[in-house]
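**Student:** following is a predicted model, sequence given first.
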Amino acid sequence: MIWNSLVKGSRITGANQLKRFMSTEAFKLPATGVNKTYDQALEYLTQHSNSKLAQAKKIDEQLKDAKLDQAAKSDLQTLKETLLTEAYINLPETQHKFQTGDYNVTEPVYKYLKTQQWNTELKPIIRQRVEQMFVSPDVLHPQSDYLDSHIKLSVEDGEFVECGKFIDAEKTIQAPALSVNTFHEATKHYTLIMIDPDHPNEATQTYQQKPHWIIKNIPLSLTQTKVEGETVLNYIPPHPANGTGTHRYSIILLEQANGDKTELSEFTTGDQALPQFIENNKLTVKGAYFFRSKWSQAVSSIYSDILKIEEPFFGPQPIVNPLVGKDGKLRGRYHNI
């Protein structure tokens, strides 16, 4: 590991020690000997890093003790990861690699930085959008902690789509590419479902939750981010009908209680379809994402070429004037008296 080369020894001063640690191809330190304060800062960072790395090395020796029980080993491993994080977190190259995405997420410092970025930057924004657009409570229970994982989506041209953004139906004819950042090292299995909570229900003159895509038994971990599993419901392209306004296509990540052996009950369309599906299959919400779409010319081709059904059209109910008879003539105001 990198930290071994820093600890072994040497009494090399700040800038030179950091140069020894850093890859000159990926990152280049500013010149030293120009600003005294900068040189002192590098010296301090090196001393602090070496101190933490020396402590981590001692923990490594303790972990070799065969008499340690599992609980003690776990505590020591956690302490070691904390020390390694503290050793590297303030180094310029660490910050540079994290900002450019050139890092190994299994290294403690990058795992910590990624988790902090999710909790302090990304998660609050996604939660705000989910609540602002009423995905919670229309789809998700408002009191549930539904954001333990970061769902990312990109459409066929490779465009990354931020949560809540409008996408033309033409760009989602093909299934989007999905990835999920979770923050646990062990592999867990999930179900992913995409639903439209704004699908019109003509019988009740309201809306219902219609499924568009269901995949189960998706293995995910800190290093497994690609959504690959068993397809339960093949992808149905978003097709917001003419006259129905904006639709919120919601993608929900659900942790499976029974690992990779989950058998799902049927998803039945209705205004409370998702909560019933979650309860029936003992699933737990762990991630949420949505994008918006509304009718465009591309929707007509989806109905005719893919769904093979007649395209519906919706509009407001006609206003009935009670003073106009069936013959179209105005009746007297008091004709029923």
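**Tutor:** Yep, it's here. Residues are numbered from 1 along each chain as shown.
**Student:** so where's the stretch 1-150 of the chain shaky on pLDDT?
**Tutor:** Within the stretch 1-150 of the chain, the ranges that satisfy pLDDT under 70 run 1-26.
**Student:** helix, strand, or coil at Tyr207?
**Tutor:** Per DSSP: H, G, I helix; E, B strand; the rest coil, the secondary structure class of Tyr207 is strand.
**Student:** find the nearest non-adjacent residue to Thr254, please.
**Tutor:** Heads up, residue 254 is Leu, not Thr. Among residues not flanking Leu254 along the chain, Leu283 sits closest, at 3.9 Å (Cβ to Cβ, 6 or more residues apart in numbering). Where C-beta positions appear, they are placed from N, C-alpha and C, glycine not excepted.
**Student:** helices or strands next to the helix or strand hosting Ala87 in the packing?
**Tutor:** With secondary structure defined by DSSP states H and E, Ala87 is part of helix 70-88. The contact analysis (3 or more Cβ pairs under 8 Å, 6 or more residues apart in numbering; DSSP states H and E) places helix 70-88 against helix 2-7, helix 36-63, helix 108-117.
**Student:** show me what contacts Lys294?
**Tutor:** 166, 240, 245-247 (Cβ atoms under 8 Å, 6 or more residues apart in numbering).
**Student:** restricted to strands, list these.
**Tutor:** Assignment to strands by DSSP state E places the following of the contacts of Lys294 there: His247.
**Student:** now the end-to-end length of stretch 112-126.
**Tutor:** One end of stretch 112-126 sits 20 Å from the other (Cα to Cα, to the nearest Å).
**Student:** let me redo that: stretch 291-309
**Tutor:** Span of stretch 291-309 from end to end, Cα to Cα: 25 Å.
**Student:** now it: buried residues?
**Tutor:** 291-295, 298-299, 301-303 (16 or more other Cβ atoms under 10 Å).
**Student:** and that stretch, how far out from the chain middle?
**Tutor:** 26 Å (Cα atoms, centre = their mean, to the nearest Å).
**Student:** hey, C-alpha coordinates of stretch 135-143 in CSV?
**Tutor:** What follows is stretch 135-143, C-alpha atoms only, in CSV (Å, rounded to 0.1, in the frame of the first residue of the first chain):
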residue,chain,number,x,y,z
VAL,A,135,-43.0,11.9,-5.3
SER,A,136,-43.1,11.7,-1.6
PRO,A,137,-45.9,11.2,-0.4
ASP,A,138,-47.6,10.2,-3.8
VAL,A,139,-45.2,7.3,-4.3
LEU,A,140,-43.1,7.0,-1.1
HIS,A,141,-44.1,7.2,2.6
PRO,A,142,-43.0,10.7,3.7
GLN,A,143,-41.5,9.5,7.0
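**Student:** ok, and what's touching that stretch?
**Tutor:** In contact with stretch 135-143 (Cβ under 8 Å, 6+ apart) are residues 130-131, 146, 195, 197, 209, 248, 250, 252, 274-275, 285, 288, 290.
**Student:** can I get those in JSON lines including distance to Ser154?
**Tutor:** Supplementary listing: the contacts of stretch 135-143 in JSON lines, determined by distance: Cβ to Cβ, whole Å:
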{"residue": "Val130", "distance to Ser154": "19"}
{"residue": "Glu131", "distance to Ser154": "24"}
{"residue": "Tyr146", "distance to Ser154": "22"}
{"residue": "Ile195", "distance to Ser154": "20"}
{"residue": "Pro197", "distance to Ser154": "23"}
{"residue": "Gln209", "distance to Ser154": "25"}
{"residue": "Arg248", "distance to Ser154": "19"}
{"residue": "Ser250", "distance to Ser154": "17"}
{"residue": "Ile252", "distance to Ser154": "18"}
{"residue": "Leu274", "distance to Ser154": "24"}
{"residue": "Pro275", "distance to Ser154": "29"}
{"residue": "Val285", "distance to Ser154": "23"}
{"residue": "Ala288", "distance to Ser154": "17"}
{"residue": "Phe290", "distance to Ser154": "15"}
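**Student:** about what we covered before: what's the farthest-apart pair in the contacts of Lys294?
**Tutor:** Spanning the widest gap among those are Phe166 and Gly245, at 12.3 Å by Cβ to Cβ.
**Student:** in helices, which of the buried residues of stretch 291-309 fall?
**Tutor:** 298-299, 301 (DSSP state H).
**Student:** follow-up on the earlier one: going by distance to Ile214, which of the contacts of Lys294 wins?
**Tutor:** Of the contacts of Lys294, the one sitting nearest to Ile214 (Cβ to Cβ) turns out to be His247, at 17.9 Å.
**Student:** what is the closest one paired to in the beta sheet?
**Tutor:** Ser293 (DSSP bridges).
**Student:** before we move on, what about the one 5 residues further on?
**Tutor:** Counting by DSSP bridges, Ile252 is bridged to Ile193, Ala288.
**Student:** from Glu185, how far out is it?
**Tutor:** Applying Cβ to Cβ, to the nearest Å, the value for Ile252 to Glu185 is 23 Å.
**Student:** ok, back up a step: need the worst-confidence member of the contacts of stretch 135-143.
**Tutor:** Least confident entry in the contacts of stretch 135-143, by pLDDT: Tyr146, with 83.
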